[in-house]
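Q: Attaching a predicted model along with its sequence, questions to come.
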Amino acid sequence: MTTETDQARELWGGETRKAVDNFSVSGERIPLSVVHWLGRIKAEAARVNAELDLLDAEIAERIAKAGDEVAHGRHDDQFPIDVFQTGSGTSSNMNANEVIATLAGDGAHPNDHVNMGQSSNDVFPSAVHLAALAESTDKLIPALEVLHDSLARKADEFKDMVKAGRTHLMDAVPVTLGQEFGGYAAQVRLGRQRVADTLGRVGQIPLGGTATGTGLNTHPEFAARVRAKLSQATGLRIEAPEDPFEAQGNRDALVELSGALKVVAVSLTKIANDLAWMGSGPRTGLSEIALPELQKGSSIMPGKVNPIIPEVVLQVCAQVIGNDTAITIGGMQGNFELNVRIPLIARNLLQSIHLLSSAATLLATKVVDGVEANEEITTRHAESTPAIATALNPYIGYDKATEIVKDAVASRRTIREVAIEKGVDEETLDKALDLRRMARGNSGNSG
């Protein structure tokens, strides 16, 4: 259907030109995933309108083919409007109508035919919801699964490797490196669940509400039939909203998804920071693990290696948390029957999904999979932490154990040496200061 001539010319019309002139703001266009979903919705809408005898079958077929081409990214260059545009996304909806009408050819009208049974107010947010649903389902959740599995494998590999625990960045009772990595894996697993828990509501789209939620100028069966076709074609769970006016007037489901993404970003920040701390050194840091050497760390200091991927992850997480703030503000600013910050929400939400998907995959494949533990150092740290005296509390009491700790720290001797000096017998020390038993605690969590 598309020719080289089509690719060389502008397929849009007057409304798109006005929008390009009016919204010279950022130079950043709306996310292409939203463009593709606009094309998909327009294609299925044309087919449904033909089935309902509302649209000539031959014109409908040409519109549907054009919409399919847009959905498959064949006309991405025909969507030039800045993402910071009218808050309903009307300009981008009109852009899609004009491009598809031009591609469909003679007799296809952008409003009367391509936009039949629709309004920007229900179609554009529907496209944003479905883009977020698809990107989360197809990219983010699998990426989090990759990271979870990578961390879980390391938790098993390091399950018997005892090390010093740390709270407040200060020495604490021993744990195993496996327990720490198991905790990271659980953070990612719970983050994945949080994202997944929002997607049922993200998949409830306002299509069929037209201008205000009443469904004016739409056939009663239109929305249900289009949703069914979209679900069948993509395998996504796409449903009617619980209430059409709720769905039209706010974007709470997208705000909720963004909140789950923020939690994932908080978790990845914790994990990336811990990995960088444990890998610090090689002489004056903790040096408990070695991160893969990926590139030179300094243009002046020979041999320096930096935690570059954890640093990338930390920057990504900061951006996602910032995006969530913008999304929250955007979600607050709907009035009466329509939220009018949808392009802002789309831009930030889809960027967050993309960034987290990429960062999770990088962290797994370029860092966690290649992490090596320095067992000599982890064991030395576990044996030397004064906090192991905690295990003596049941035998000698808190106050006497405190005396032993203070003396050990001041004299730079081990807890065992000082405890023997203060009259604690070897049998009690052997029983109390079993580091692996100490790491298991009373819960049996060995890794």
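A: Sure thing, it's come through.

Q: neighbours of Val123, just the number please.
A: Applying the criterion other CB atoms under 10 Å, we find 31 residues in the vicinity of Val123. C-betas here are computed from N, CA, C, even on glycine.

Q: any idea how far the helix or strand harbouring it is from the chain center?
A: The secondary structure element spanning Val123 is helix 120-135 (assigned by DSSP states H and E). Computed by CA atoms, centre = their mean, to the nearest Å, the separation of helix 120-135 from the middle of its chain amounts to 17 Å.

Q: now swap in stretch 29-39 and tell me
A: Using CA atoms, centre = their mean, we find the averaged C-alpha position of stretch 29-39 to lie 19 Å away from the chain's own average C-alpha position.

Q: Please apply the same query to stretch 157-166.
A: When distances are taken as CA atoms, centre = their mean, stretch 157-166 is centred 29 Å away from the chain's centroid.

Q: can you check stretch 14-22 too?
A: Here the centre of stretch 14-22 is set off from its chain's centre by 33 Å, with CA atoms, centre = their mean.

Q: What mean pLDDT does the helix holding Val123 get?
A: Helix 120-135 shows a mean pLDDT of 98.

Q: Against which helices or strands is it packed?
A: helix 32-51, helix 90-104, helix 177-202, helix 252-278, helix 342-366 (3 or more CB pairs under 8 Å, 6 or more residues apart in numbering; DSSP states H and E).

Q: hang on, Glu98 packs against Glu10?
A: No - assessed by CB atoms under 8 Å, Glu98 is found out of contact with Glu10, at 9.5 Å.

Q: more crowded one of those two?
A: Neighbour tally, Glu98 and Glu10, criterion other CB under 10 Å: the higher count belongs to Glu98, 22 against 13.

Q: quick one: contacts for the more buried one?
A: Listed by CB atoms under 8 Å, 6 or more residues apart in numbering, the contact set of Glu98 reads 11-16, 110.

Q: What distance do you get for it to Ser126?
A: Here the distance between Glu98 and Ser126 works out to 19 Å (CB to CB, to the nearest Å).

Q: got it, and Ala373?
A: For Ala373, the distance to Ser126 under the criterion CB to CB works out to 49 Å.

Q: What of Gln333?
A: Counting by CB to CB - Gln333 and Ser126 are separated by 19 Å.

Q: Show me which of the two is the more surrounded one.
A: Here Gln333 and Ser126 are compared on neighbour count by other CB under 10 Å; more neighbours surround Ser126, at 26 against 14.

Q: and the closest residue to that one other than its chain neighbours, what are its phi and psi?
A: The shortest distance from Ser126 to any residue other than its chain neighbours is 4.0 Å, reached at Ile205 (CB to CB, 6 or more residues apart in numbering). Main-chain torsions, Ile205, degrees, to the nearest 10: phi -110, psi 150.

Q: repeat for Arg153
A: Torsion angles, degrees, to the nearest 10, at Arg153: phi -60, psi -40.

Q: Please list all residues in contact with it.
A: Contact analysis of Arg153 by CB under 8 Å, 6+ apart lists Asp369.

Q: Read off the pLDDT value for it.
A: Turning to Arg153, the model gives it a pLDDT of 98.

Q: that older thread, okay, and which of the contacts of Glu98 map to helices?
A: Among the contacts of Glu98, the residues falling in helices (DSSP state H) are 14-16.

Q: Could you say which of the residues you listed is surrounded by the most neighbours?
A: Thr16 (24 neighbours).

Q: Now that residue: closest residue in space, sequence neighbours ignored.
A: Nearest non-adjacent residue to Thr16, counting by CB to CB, 6+ apart: Asn95, 4.5 Å away.

Q: for Ala101, same thing?
A: When the adjacent residues along the chain are set aside, Ala101 lies closest to Pro110, with 4.1 Å between them (CB to CB, 6+ apart).

Q: And that neighbour, how far from Ala96?
A: Counting by CB to CB, the separation of Pro110 from Ala96 is 9 Å.

Q: Pick out whichever of those two has more residues nearby.
A: Set Pro110 next to Ala96 and count neighbours by other CB under 10 Å: Ala96 wins out with 33 against 24.
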